[in-house]
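Novice: sequence below, structure please.
(one chain, ligands or ions: 2)
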Amino acid sequence: MPKATLLLTGGLGYIGSHTAVALAAAGYDFVILDNGSNASVGVLQGLQKIIGISPEFIRADVRDAQVLRDLFAHRKFEGIIHFAGLKSVGESCEKPAEYWDNNVIGSLTLVREALNAGIKKIVFSSSATVYDASNISPLREDAKLGTSNPYGTTKLVVEKLLEDFARSQGLQVVSLRYFNPIGAHESGWIGEKPSGIPANLFPYVMDVATGKREKVSIFGDDWPTPDGTGVRDYIHVMDLAEGHIAAWEALSSGKLKTHQDFETSCNNESRRGTNVASSCNQEGLFFACNLGTGCGTSVRELIEVSREVTGHLIPAIITSRRPGDVAAVWANVSLAQTIFGWTAKRKLRQAVEDGWRFKSQQT
Ligand code: NAD
Ligand code: UD1
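Specialist: Residues are numbered from 1 along each chain as shown. Ligands and ions are numbered 1, 2, ... in the order given. Purely as a prediction, here's the structure:
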């Protein structure tokens with residue numbers, strides 16, 4: 001008997017597929033709904049090798065209300081983990097309409113149909129990008145919010161949308177603000193496959209290690225950081241995946257349910273995150289929480305560990321800063337520790353080793 005059945009929108013993608021593995025290991029049943037825009041059904045074979053069965057998969061778009069209505073009429077879901085969306089900062093600047101349509105309209109359609117079907121619990125894939133660039137790390141959930149590109153804006157707008165539905169219609173939401181997921185499942189059978197030239201550091205470094213690209217450009221070595229290069233909070237994707245289970249269990253157990261309970265259990269953490277229970281609807285809640293390691297790693301450090309793990313030279317040159325970049329971003333993770341009882345367990349080196357295993361098996 002599964003613990004619960006969850007719908008994973010975007011479950012064929014990088015984070016969704018790893019979360020599927022973690023859910024299966026924890027005794028959950030799930031259905032993947034994905035339009036395939038940034039993933040292939042080959043992921044299902046990888047999942048089958050890892051978990052032993054082929055997951056149930058529906059090729060569909062979250063903006064298709066009729067598909068959702070039919071699905072919810074025939075299947076019972078205790079909740080939804082909503083990964084589906086577009087995620088490239090650069091592309092969002094070129095095609096903002098696609099980002100608003102996919103991320104915002106997609107989330108609105110999903111939530112509306114879920115509520116009509118009586119599904120009230122949702123875990124949302126948010127991002128550290130919702131924090132204003134002026135904040136000093138480590139970032140707490142009550143840091144100033146603000147965005148500098150359409151992708152980030154859609155994430156923040158969806159958080160606000162979910163918060164409004166929590167207030168007025170009893171939706172119960174955990175919004176997980178991911179820091180920088182890297183690596184792959186230790187089997188090497190699933191991992192991150194960016195389309196085109198990778199915009200993010202880790203997949204780019206892996207491409208250079210395989211010889212697919214010539215060298216890494218380090219975007220500035222004059223940042224106010226210990227070695228002058230940018231610092232980020234790189235989290236093993238399996239730790240991130242397990243963070244979703246912890247978040248779901250906190251949500252479904254009622255642990256987050258009322259503001260009073262929340263304040264009692266949080267003590268001095270009570271002003272962290274946002275809990276909107278009881279303003280209009282007694283049931284509703286919106287709880288935002290960071291998922292990171294709480295440690296910063298510089299570009300140079302990540303390249304150095306990658307050199308050690310892969311045994312390749314990984315040539316790197318210093319170039320100018322990337323527009324819109326910030327020096328250092330890492331998470332304060334005490335809210336996830338206190339409330340979910342979750343903490344990232346895997347070291348950076350393991351993330352690089354597992355990411356490299358996946359990459360090596362692809363080439
Ligand atoms: P991904 O692109 O690998 O996965 C997203 C999946 O959603 C893909 O399989 C894609 O085919 C599917 N999809 C896209 N639009 C859809 C739609 N309208 N209907 C149905 N399926 C759709 O991305 P990911 O890295 O796994 O990210 C998952 C979520 O986490 C995204 O919402 C992303 O914005 C967010 N996020 C990612 C990162 C990161 O660094 N990877 C960081 C912060 C937040
Ligand atoms: C990116 C996204 C952000 C998202 C986050 C996690 C951008 C502008 N921002 O930010 O919205 O939430 O990923 O997925 O894309 N770097 C290099 N050379 C490279 C690539 C990156 O030096 O070729 C440096 C960057 O300057 C930064 C660090 O590496 O210091 C990490 O960059 P990246 O992987 O793009 O992540 P974020 O900057 O955190």
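Novice: is Asn180 bridged to anything, and to what?
Specialist: Applying DSSP bridges to Asn180 gives these bridge partners: Tyr234.
Novice: and it, how far from Val329?
Specialist: 8 Å (Cβ to Cβ, to the nearest Å). Any C-beta I mention is one placed from the backbone N, CA and C, and that applies to glycine too.
Novice: anything in contact with each of the two?
Specialist: 128, 232-233 (Cβ atoms under 8 Å, 6 or more residues apart in numbering).
Novice: of those, list those near ligand 2.
Specialist: 128, 232 (Cβ under 6 Å from any ligand atom).
Novice: where neighbours are concerned, which of the shared contacts of Asn180 and Val329 has the most?
Specialist: Using other Cβ atoms under 10 Å as the neighbour criterion, Asp233 leads those with 27 neighbours.
Novice: residue of the stretch 151-300 of the chain closest to ligand 2, please.
Specialist: Across the stretch 151-300 of the chain, no residue is closer to ligand 2 than Gly230, which sits at 2.1 Å (Cβ to the nearest ligand atom).
Novice: just give me the neighbour total for the residue of the stretch 151-300 of the chain found nearest ligand 1.
Specialist: Distances between the stretch 151-300 of the chain and ligand 1 by Cβ to the nearest ligand atom are smallest at Tyr178, namely 3.8 Å. Using other Cβ under 10 Å, Tyr178 is surrounded by 21 other residues.
Novice: need the pLDDT of it.
Specialist: We have a pLDDT of 98 for Tyr178.
Novice: for it, which residues are in contact?
Specialist: If a contact means Cβ under 8 Å, 6+ apart, then Tyr178 has 15, 125-128, 235, 240, 291-292 as its contacts.
Novice: in helices only, show me the residues you listed.
Specialist: Counted as lying in helices by DSSP state H, out of these, are 15, 240.
Novice: now the residue of the chain most remote from its centre: how far from ligand 2?
Specialist: Relative to the centre of the chain, the most outlying C-alpha is that of Leu313, 30.5 Å out, by Cα atoms, centre = their mean. Leu313 sits 17 Å away from ligand 2, going by Cβ to the nearest ligand atom, to the nearest Å.
Novice: how about that residue: what's its closest non-neighbour residue?
Specialist: Arg307 (6.8 Å; Cβ to Cβ, 6 or more residues apart in numbering).
Novice: what lies in contact with the helix or strand where the one you found lies?
Specialist: Assigned by DSSP states H and E, Arg307 belongs to helix 299-310. Helix 299-310 is contacted by residues 201-202, 205-206, 209, 216, 218-219, 221, 227, 229-230, 234, 313-314, 316, 348-349, 352-353, 356 when judged by Cβ under 8 Å, 6+ apart.
Novice: same check, this time on stretch 193-200
Specialist: The contact list for stretch 193-200 (Cβ under 8 Å, 6+ apart) reads 14, 38-39, 88-90, 180, 203-204, 207, 213, 362.
Novice: circling back to that earlier point, kindly provide the distance from the residue of the stretch 151-300 of the chain closest to ligand 1 to His74.
Specialist: Distance, Tyr178 to His74, by Cβ to Cβ: 32 Å.
Novice: the helices in the stretch 201-350 of the chain, which residues?
Specialist: 201-210, 237-252, 259-266, 299-310, 334-335, 348-362 (DSSP state H, counting those that start in this stretch).
Novice: pLDDT of the longest one, averaged?
Specialist: What it means is helix 237-252. 98.
Novice: what about the nearest residue to Ser137 once chain neighbours are set aside, how many residues close to it?
Specialist: Residue nearest to Ser137 in three dimensions, not counting chain neighbours: Trp330, with 4.7 Å by Cβ to Cβ, 6+ apart. Using other Cβ under 10 Å, Trp330 has 22 neighbouring residues.
Novice: now the one 4 residues further on
Specialist: Neighbouring residues of Ser334 were enumerated by other Cβ under 10 Å; the total is 16.
Novice: distance of it from Arg140?
Specialist: Taking Cβ to Cβ as the measure, Ser334 falls 8 Å from Arg140.
Novice: go on, Val326?
Specialist: 16 Å.
Novice: what does the protein have sitting close to ligand 1?
Specialist: Counting by Cβ under 6 Å from any ligand atom, the chain sits next to ligand 1 at 9-10, 12-16, 34-39, 61-63, 83-85, 87, 102, 106, 125, 127, 178, 181.
Novice: hang on, the earlier thing: just the buried ones from the contacts of stretch 193-200?
Specialist: 14, 38-39, 88-89, 180, 203-204, 207, 213 (16 or more other Cβ atoms under 10 Å).
Novice: residues from the stretch 251-363 of the chain in reach of ligand 2?
Specialist: 299, 322, 324-325, 329.
Novice: let's see if you can find the most crowded of those residues.
Specialist: Val299 (25 neighbours).
Novice: which one is it nearest to, not counting chain neighbours?
Specialist: Thr229 (3.8 Å).
Novice: list the contacts for Gly296?
Specialist: The contact partners of Gly296, taken as Cβ under 8 Å, 6+ apart, are 137, 231-233, 328-330.
Novice: JSON lines for the residues you listed, including pLDDT?
Specialist: What follows is those, written out as JSON lines (pLDDT from 0 to 100):
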{"residue": "Ser137", "pLDDT": "98"}
{"residue": "Val231", "pLDDT": "98"}
{"residue": "Arg232", "pLDDT": "98"}
{"residue": "Asp233", "pLDDT": "98"}
{"residue": "Ala328", "pLDDT": "97"}
{"residue": "Val329", "pLDDT": "97"}
{"residue": "Trp330", "pLDDT": "98"}
